[in-house]
Each structure stands twice: as C-alpha cells, then as structure tokens.
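# Pasted the sequence and its predicted model underneath.
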Amino acid sequence: MKKFLISLFLVSFVFATSAQQVFLETGLVISSFDYKTSDGSKIENLKGSGKSCFGLGVRMPVMKSQWHALLEVSDNNYGATSSDPELGNFSEWDVSYLGINLGADYEFFKPKMINIERNGLSFYIRGLIATEFLLSGKQKLNSQVYDLSGEEEFDKPTFFIKGGIGGNYYLTRNYIVFVQYIFGRSILFGNYSGQEKLNYTTHAISLGITVDLTYKRK
Amino acid sequence: MKKFTFLIFFLLAALKLPGQIQGLNYQAVIIDKNPQEIPGKDISGNIMPNQPIMVRFSILDAAGTIEYQEEHATITDLYGMINLVIGQGTPTASSPNLFPGIDWNGTLKSLKVDLSLSDIDIFYSDFSFDELTFVPYAFHRNITATGSLIVDGMTNLKSRLDVSEGSPAFLSGDLTVDEKTTLNNDLTVNAASSLKGQVTINPDFQSPGDKSNYDSYPLRVEGGNQGIAIKIDGTRSSNNYFVTFMDDEKIQGRIEGQTVSELDNDPEYIFNNIKMGNEVIRSGVDVAIATAGVASASSSSTVCAGFGACVTAPVPSLIVAAAAQLVLEIANLAMVVADQVLYNESVRNNIGVTYQSGSGDYAEWLQKSDRGEKLIPGDIVGVKGGLISRTTNNADHFMVISHNPIVLGNMPNEDKVLDYEKVAFMGQVLVRISGKVYPGDFILPSGKNDGVGIAISPENMQPDQYQKIVGVAWSESLSDLPGYVNIAVGINANILAQLGTAQEKKMKEQEAEIKNLRSQIDKMNDVLSRAVPEYSALMQNEQEEVFAPSAAAQEQPSPKEYRTVIYHEITNQQIVAGLSMAETILREKGVDVKNNPFFKKIKEDPGYRECFINDALTSIKSEMDKNYNADIKSGANIIRLN
C-alpha cells in the first residue's frame, strides 16, 4: 500500500511540475502523545520529544490569485517518553510516518515583479489535511525494544488537521526560500469507547526552498 | 484499576521459626496480572506496592477438605511484597481447627491462597494452590512419618515422646533423664548399674503372694556365685544399719555394724566369754585334781603293824597313768583356753556386723513324736531320740517351744511343717510355768507332761534334778497362777559346771573334814593304845576281821599302826610317757591329735614342751609337798625315792 501511494505520488508529481512550484522542506517536529487508556484515564509522565521531518510538494496558484493549492508528501518522525518511578517502568516511542498533505495557503505582501525579477519578503497562512501511514516504529519498554508494526494505536492511517504560518523570501523570481510553523492535530474517526485512544499534537518548524517553474524565459 | 486478576509469583518458604512462634513463614510478591495500558506494547508484570489486601490461607488435606483456614489483612510493601506467618492470622468461621490442631500425619497437605485487593469490599480470588511437599513445621504435634525419620541435628521435644505399637527404642549413647522414670514392664540391664538415689521396690502383686513361691518375692538375686554385698561409707558401727527389718509398727530387727568397743559391750559376746571362762575354771580344777592324782600315785602308803618295815613302793604304771590323766586334763585346759583365745581372735578379726532383733532365742525345727499333738510357744517338751513331745518322763533333754526365734535352723520341707515345731536351743524364751518364780531359779518340767514348768531355787536343787533343767529364770512371777516367765536356755553346761564346781568344793571340804577326823581318830587310837595295852591287839583283830576280805583294805593305814609312806620322785620321763599315753588315748577316741593345738605345739615347740613338763613337775611337786607335810604331821614314816 505504501509503495503504491509513493509511486502514485511520483507519477502525479512528474505530470504536474510543468506549471507548478516545487518545494522541498525539512525541519523539526515536536510531537506529543495524547493517550487515554481503555478506561479513559491518562498516564502520567508522558512527555513529547522532537524529531525531524522532511517534505516534498507542489504548489499551484489558483486562478492567478494569492491563493495556492498544494500537495505534499512528507516523512514525519514522532516520539515520546514515559516513566513510572513507583513501578520502575520507562518507555520510549520512536515512530516514522509517511504523510500525504493536501492544503491551501494565502500569500500576503507578495513582492511585485520588477524587470522580470521578483525579490522581497512575503507571508502566508496555510491550512492542510493529511493522512499519514506508519513507515516504522519501535517502542523501548524498560530494557526491551518492541516493533510497533501491528500495534493498533500506531499501525493504522492517521488523519491530521494542520495549520500554520510562514514567510517566503524571493531570491529571484524562480527561487524562493521559506520558513514556516505548522501545528497539527490528529483526528480519530469511529467509536473508540472502551478502547485505547492515541492522538498526536505536532509542532513543526521547517525551512525550505521553492522553485517556481511557471516562468519561462523567452 | 477496576478489576484485577493476578499473575502469581510467590515464594513460599517454610522455615523453622525461632522462639515459640507457631506458624509458617509466607512471603509473596503481589503482581498485577492486568497489563498496564500504554501506547503500543502494554506493560505486564507490574508489582502492586502499598496495596491494602486481604489474604486467606487454607490448609487442605489429601481429600481437599479444609483442615485450617485463616485471614490476614495486610498492605504490600514498596516492592509489592507481603510477609506473613501462617498460623498468626484470624481463623475463619470455616476453619474446623486452630492451627495447632492440624494433623501433620504425613499425608498430602496443600496450601491454598486467596487474595482480595480490597480490605473493605472483600472479594477473594484464587491466588495459588500448592502442595506442601515436606513437613514444614517441625514444632508441631502429630507429625506422622510413614518412612524413616533421620535427624542429623539435635532434636528438642517439648512434649511427651511416645513409641507405640510395641516398637522398640534403641539408644547407642547415654540416656539422661532428669525427671522421674516409670517403667511399666520388665527392665533388663545387661551391664553394671549404679543407682545413686533411694530405690524402693513396691510390687503391685495381685495377691499377697505365696511365701514359698519364688515369684512372690519382689527382689530376687540370682546367677553368679555370690549374693548380696552391702557396703557403707567409712567404717561400720552400730549406727550403721546394713539391713533393717520393719513392719507398719516399728523396726523389728536389723543387721548393724559393730566396732571393737561395741563388741566388748555386746551381751552375747560377754555371755560367751563368761561361759568359756567357766570352762577354763572347770578345766583348771580338773588339772588340779589330776595333779593331786599324780602326787597320790607317786606315793604309796602301807599301814604297818608295829614299827617294822612295812614298805609298799609306788607302782610306776599308776604314776604314768596318773601323769597321762594329768596331761589329758592339761591338754583339755589348753584346748579350752585355746578355744577362748581363738574365739576372741576370730570374733575380733571378723568383727563387722551384728544381727539384732526383738526375738531372743536361737531355735531349730524338731520333729514331733505325735504329729497330732498341739504344741504352743512356751511349752516345755521332752526330747527323746530327737523327737519332741509334752511327755517329759524318761526324756533325754528338756526344751521349750519357741515363739519367734531370731535364728531358726533345720527347716523342714513345706509339706512337713506340721510335723515339726520350733524349739529354742539358746537364748531367752518365754515358758509356761506354774507357781512362783524368782530370777535365778531353775526351771524344770512339772512332771505332769502338760508342758508347764516349775521353778526350783538353786539351794533346793537335787543332783537327780540336774539333767531336767530347762533353763534359768530371768524374770519373776509372784503369782501362784499359771503364767509365763522369761528364761535363759542353752546355758545348761555352764550351770552344770557351776554346780560341779560347787560339788567339787563341797567334796574337798568333806575330804578335808574326813582327813581331820582321821587324824583325830589316829590320835585317839594312839592315846588309847598307850592307855589300854590290849587296845592295839583288839583293834588289830577287829581290823583284820573287818578288812581282811578286802585287799584294798590292807592299803588303809590302821589308826593303831604306824604308816610308812614312800614318795617317788616324778621324772621327766614319766611326764613324757604320760604325754605319749594321753596321745594314744585321744587317738583311740578318734581325736585328731595331729592337729590338736596342744599336742601340735608340744611337738613343734620344744621350748613350750620343756616349759610344760617343768610346770607339770612343779605342780606335782607342790601337791606332793602338801601331802608330804600332811603325812609328817600325821606321824607317818616318810621315805623319799629319787
């Protein structure tokens, strides 16, 4: 399934690049687990941790307006730790998800083009929905390490709603660097009554570069 | 956590508890059987620290029946552990016994543990069920081991030890018992035994027991060549009772120690010495008589008519015979003296114990001439041919039926006891008498064949009554009515000796009186012969008529005649010949002369032999001198021959 999605994304990406912006980003995602046991209680001392994230996407203007639609494939790593001094237990999670993000942003203060060049700073707000699939995951419980593949809380598609802000700096008309902050929150669908529930809250800060492929030097 | 099930990990340790605590140590770690939910892999095997719980222990027998059940309310520690003592909890209403009542009889026992994770809303869940594969509590009672029980260490039993089913018990080491020991069956000791406490044999016989039955005696010593030896600490004295005989009333007799000084004051010892002393005196008198006999035999007197030579020499054979008699008497005296010396030496060498009893006589069983005759203690009986009866006429001896002798000999067989009766041989015994009795009176049979005796004072005794003496009264009876007096029997020989001595004395007095009369008659004849010339002739004719038929009469000097007495000097050879004759006489009488103390010393000790001969010669010479002087005084002619 994962291979199929990755292949589908790359084919779409190739066909879409002719009139799009392509961007690449990497950064730090600080995640925390919002976990409830089957009886609805939370566990204590469950702390989030920072991991890396990487994304590759296309961005397309909508109707030549300031709106852009974007599609991104990302690799997000989440982690958390938990300790229980009374019982002497320590747990650490480290999971990696492949995410497919679909969203839109609105760009403010876009620099005007001067002599066919664009240079300057602009800002945007961005909203995304995403679904993520577990690529790998491991759990260290005391001195034991367990593979999280097959664990119900982790090994199923996770849906996120994300939103944030960012800033572009147009180096040239075609090359733009950007920095952004995206907040994300996973969403569970279905009836989880009497079951364990695990949600993620993420804070991603990333730095990237966008290449505008819509301009063709004549 | 709403609901717990439990993953069990327990450690059960059965340890020997110190002190007096009764129970089994039980340790367990309470682990949460429910895994702790966390993201991903849940955590299983969590301990349950500081958890108030209720623990219920059940000890089941092989059939699964509860023998004991108790509850504990406790709290797990920081590590989820509980430390409890089974036996120190609260017995439940379902428990049929208290903990000490568990029957550890060697059959299978199981321990079931139930837990409740709340001490308020108690709901027990199974925690563990395990067999007790060994006896966990050695202090407990009723431990039954179907196999062998081997204990390498010390075993401390705080209660009784029973070895039942007739099972033997063997101890290869010493057995020390601090408290009383009761044996309900035979005790066999195959080695020497030392009993340092008082030993009381109090048999619980079903019946008083037949005295003739060996099994009736609670203490029997058998086997070996010796009997019982009794040893006291230190030296013995009369304060040491080796054996005491007593009944419910008092001490009835005893065998006690005796010292030399106590022996000197012992009445029996004094009595025996007095008796032997009397024998010495009597033998001394016999020696004196024999000496006089020798002196008489060594001289010969012939009444001679007129003043012519009328000589009759002493006959040597008579001298030797008299000397032999003298030797015999001396030998007898020596034996009597030796007997007393030997008796004293023996008694003093063997002084040790004396037997004391309230009974006062030494008796023997003698057969009755008439089995049907009823004899009672105190009866005087006559003994004829060794048989006794109340008929005293023509009896050889006269004795008394004993009541309770201190020593009783000649015991007949049991089936012949009725044919016999106890007869006192020596000592004090009560005798039935009739008439007044004073101490010192002789007791004789009444002559009525009624078993009763009469008292005769010594002054009134007649010689023909001597042989009828039963004994001497040592108590008195001032009533004329029949009664009992205490008499001493068995000392008749002494009494007869005393009577003999008195008779001898009387005879000597009569002899002296006769001599004196004879001397006076001689003087009267002499005076009459001178005054009346025909007197001598008349007297001679009268004498011849009177004495002629008798040869012996010729030896009697006539008062009218002058006597000529020839004294023959007794020589050593004659005494030696007397010794030889005395030895021959004794040998012919069956006496063991070879081992006779007197003759043995005479032969083996030349000094004693010489001393004896000299003493005999001196005694004879002294006696002869007395006769010589008497003859001189009588005016007889004296001729002395050497």
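Everything's here; your move. Numbering: from 1, shown residues only, chains lettered A, B, ... in the order given.
# Show me what A:Gly137 is bridged to.
Beta-bridge partners for A:Gly137, by DSSP bridges, are A:Val95.
# Apologies, that question was intended for A:Leu56.
Beta-bridge partners for A:Leu56, by DSSP bridges, are A:Leu24, A:Val73.
# tell me the domain ranges of chain B?
The record's domain parsing of chain B by automatic domain parsing lists B:6-132, B:358-497.
# B:Glu37 against A:Thr37, yeah?
Yes. The pair B:Glu37 / A:Thr37 is scored as a contact, 4.1 Å apart, by CB atoms under 8 Å. (Each C-beta comes from the backbone N, C-alpha and C, glycine too.)
# ranking the domains of chain B by burial, who's on top?
A comparison of the domains of chain B by mean neighbour count, using mean count of other CB atoms under 10 Å in any protein chain shown, puts domain B:358-497 on top with a mean of 18.
# quick one: average confidence on that domain?
Domain B:358-497 carries an average pLDDT of 88.
# how far does that domain sit from the chain's center?
26 Å (CA atoms, centre = their mean, to the nearest Å).
# for stretch A:87-97, same thing?
21 Å.
# buried residues in it?
A:87, A:89-97 (16 or more other CB atoms under 10 Å in any protein chain shown).
# Same question for stretch B:573-582.
Here stretch B:573-582 shows B:574-579, B:581-582 as buried, counting by 16+ other CB under 10 Å.
# picking up where we left off before, identify the contacts common to B:Glu37 and A:Thr37.
Counting by CB atoms under 8 Å, 6 or more residues apart in numbering or on different chains, the shared contacts of B:Glu37 and A:Thr37 are A:43, A:196.
# quick one: which helix or strand includes the residue of the stretch 151-300 of chain B found nearest chain A?
Taking CB to the nearest CB, chain A has its nearest neighbour within the stretch 151-300 of chain B at B:Gly153, 41.4 Å off. Using DSSP states H and E, B:Gly153 sits in no helix or strand.
# Okay, it and B:Leu171: tell me how far apart.
Distance, B:Gly153 to B:Leu171, using CB to CB, to the nearest Å: 17 Å.
# Beyond the lengthiest strand in chain B, next helix or strand please.
Determined from DSSP state E, the single longest strand within chain B is strand B:420-433. Counting by DSSP H and E, the next helix or strand C-terminal to strand B:420-433 is strand B:442-445.
# Flag every residue of the stretch 401-550 of chain B that's near chain A.
By CB under 8 Å from any CB of the partner chain, no part of the stretch 401-550 of chain B sits against chain A.
# which residue does the stretch 401-550 of chain B bring closest to chain A?
B:Glu414 (99.6 Å).
# For that residue, which residues are in contact?
Applying CB under 8 Å, 6+ apart, the residues near B:Glu414 are B:Ser212.
# Please enumerate the helices of chain A.
Ranges of helices in chain A, per DSSP state H, are A:2-16.
# Can you name the residues of it that neighbour chain B?
Checking chain A against chain B by CB under 8 Å from any CB, the hits are A:33, A:35, A:37-39, A:43, A:80, A:82, A:86-87, A:89, A:91, A:93, A:137, A:139, A:141, A:146, A:148, A:151, A:153-154, A:196, A:198.
# Please pick the buried ones from those.
In those, the ones that pass as buried (16+ other CB under 10 Å) are A:33, A:35, A:37, A:43, A:80, A:82, A:87, A:89, A:91, A:93, A:137, A:139, A:141, A:146, A:148, A:151, A:153-154, A:196, A:198.
# burial measure for B:Asp615, as a count.
Residues lying near B:Asp615 (other CB atoms under 10 Å in any protein chain shown) number 12.
# That should have said A:Asp34, apologies.
A count of nearby residues for A:Asp34, using other CB under 10 Å, gives 16.
# How about it: which residues does it bridge to?
A:Asn199.
# Tell me where chain A has strands.
Using DSSP E, strands in chain A cover A:21-36, A:46-61, A:67-84, A:89-108, A:113-114, A:117-118, A:120-141, A:144-147, A:158-170, A:175-187, A:197-212.
# Near the nearest residue to A:His203 once chain neighbours are set aside, how many other residues are there?
Leaving aside its chain neighbours, A:His203 sits nearest to A:Ile30 (4.5 Å; criterion: CB to CB, 6 or more residues apart in numbering or on different chains). Applying other CB under 10 Å, we find 16 other residues in the vicinity of A:Ile30.
# try B:Ile330
With neighbours defined by other CB under 10 Å, the count for B:Ile330 comes to 25.
# quick one: the nearest residue to it once chain neighbours are set aside from B:Ile228, how far?
Excluding the flanking residues, the one nearest B:Ile330 by CB to CB, 6+ apart is B:Val287, at 5.5 Å. Relative to B:Ile228, B:Val287 is positioned 47 Å away (criterion: CB to CB).
# A:Ile30 too?
Counting by CB to CB, the gap from A:Ile30 to B:Ile228 is 113 Å.
# do the same with B:Leu98
Taking CB to CB as the measure, B:Leu98 falls 56 Å from B:Ile228.
# And B:Asp419, by the same measure?
32 Å.
# Check A:Val211 too.
Look at A:Val211 and B:Ile228: by CB to CB, they are 136 Å apart.
# In terms of packing, which of the two has more residues around it?
More neighbours surround A:Val211 than the other of A:Val211 and B:Ile228, with 13 against 8 (other CB under 10 Å).
# Next, the contact list for the more buried one, please.
Applying CB under 8 Å, 6+ apart to A:Val211 gives the contacts A:21-23, A:174-176.
# Please list only the buried members of those.
With burial judged by 16+ other CB under 10 Å, the buried subset of the contacts of A:Val211 is A:21-23, A:174, A:176.
# Would you check which pair of those lies furthest apart?
By the measure CB to CB, these have their two most distant members at A:Phe23 and A:Asn174, which lie 12.3 Å apart.
# did I read that right, B:Glu504 in a helix?
Yes. Looking at B:Glu504 with DSSP: H, G, I helix; E, B strand; the rest coil, it is inside a helix.
# can you tell me the helix or strand for the residue nearest to it when sequence neighbours are not counted?
Of all residues not flanking B:Glu504 in the chain, B:Val285 sits nearest, at 5.9 Å (CB to CB, 6+ apart). B:Val285 is located in helix B:267-297, with elements delineated by DSSP H and E.
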